[in-house]
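> would you be able to build a 3D model of this:
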Amino acid sequence: DQKIQPQHLARKAIVYLRQSSMEQVKHNLESQHLQYALADRARALGFQQTEIVDCDLGFSASAGARRREGFERLLAMVALNEVGLVMSRELSRLSRTDRDFCRLLELCQLFDTLIGDEQGLYNMNSMDDQLVLGIKGTLSVVELRVLRMRLDEGRRNKAPTPSSTCSCFPMPFESSVTPR
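A predicted model of the protein is given here:
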């Protein structure tokens, strides 16, 4: 790939793995295999040193969730100029919050670190690549908000309403005979 330069290859490639819940970790093994395989892709691209950061598996990246040590370590390694490439599946889902995603992209731009996923490599110093990842990140946030909105709507619609509850009192009998 033309985006990979000698200064990138002189540093290591980091493969960041994430799955939001222990349920996903236990049952979505194919996703894990695909994520671990990104290390092979980094080596095939010419990176001699690859490191896998998988300590955040099973922990949500949603706002208000516990701090993710692996993601924080990833940011620190990028800021120390130790990383030439960050690989992750579905980059837009890497962090799940605008703030975290933008912070990673900003650091990658400042320290000339490439970002890659199963679809390609991105250089944050390229306006076109910034645009593509910005759109992917925005779509991911919108997707999450739409899902949350649908769940909330479903909960509201499931709430009992007067017409959906059974009355304990019998309905008054209506006679078809009219009184005289």
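> all helices in this structure, in order from the N-terminus.
Along the chain, the stretches classed as helices by DSSP state H are 6-9, 22-27, 29-36, 38-44, 69-79, 98-110, 127-158.
> what comes up buried for the first one?
Of the residues in helix 6-9, those buried by neighbour count under the rule 16 or more other CB atoms under 10 Å are 8, 9. Placement of C-beta: from N, CA and C, glycine included.
> what does it contact?
When contacts are defined by CB atoms under 8 Å, 6 or more residues apart in numbering, helix 6-9 is touched by residues 46, 47, 48, 84, 85, 112, 113, 114.
> residue 91 is nearest to which of the helices of the chain?
Nearest to residue 91, of all those, is helix 127-158, at 6.3 Å by CB to CB.
> may I see the buried residues of the closest one?
By neighbour count on 16+ other CB under 10 Å, the buried set for helix 127-158 is 129, 133, 136, 137, 140.
> in CSV, list those along with pLDDT and distance to residue 158.
Listed next are these as CSV, based on pLDDT from 0 to 100; distance: CB to CB, whole Å:
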residue, pLDDT, distance to residue 158
129, 93, 44
133, 83, 38
136, 79, 33
137, 76, 32
140, 75, 27
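> closest one of the residues you listed to residue 101?
Comparing these against residue 101 with CB to CB places residue 137 closest, at 4.7 Å.
> circling back to that earlier point, in terms of mean pLDDT, which of the helices of the chain ranks lowest?
The weakest mean pLDDT among those belongs to helix 22-27, with a mean of 60.
> closest to residue 53 out of the helices of the chain?
Each of these was scored for nearness to residue 53 using CB to CB, and the closest is helix 69-79 (4.4 Å).
> orientation of the closest one relative to helix 98-110 in degrees?
Per axes from the mean of the first three to the mean of the last three CA atoms, to 10 degrees, the angle that helix 69-79 makes with helix 98-110 is 30 degrees.
> can you list the residues that contact helix 69-79?
14, 16, 53-56, 61, 83, 86, 95, 100, 103-104, 107-108, 110-111, 113.
> for residue 120, find the nearest of the helices of the chain.
That would be helix 127-158 among the helices of the chain, by CB to CB, at 8.4 Å.
> distance between the closest one and the chain's centre?
Computed by CA atoms, centre = their mean, to the nearest Å, the chain-centroid distance of helix 127-158 equals 10 Å.
> if you count contacts, what does it end up packed against?
Judged by 3 or more CB pairs under 8 Å, 6 or more residues apart in numbering; DSSP states H and E, the packing partners of helix 127-158 are helix 98-110, strand 120-123.
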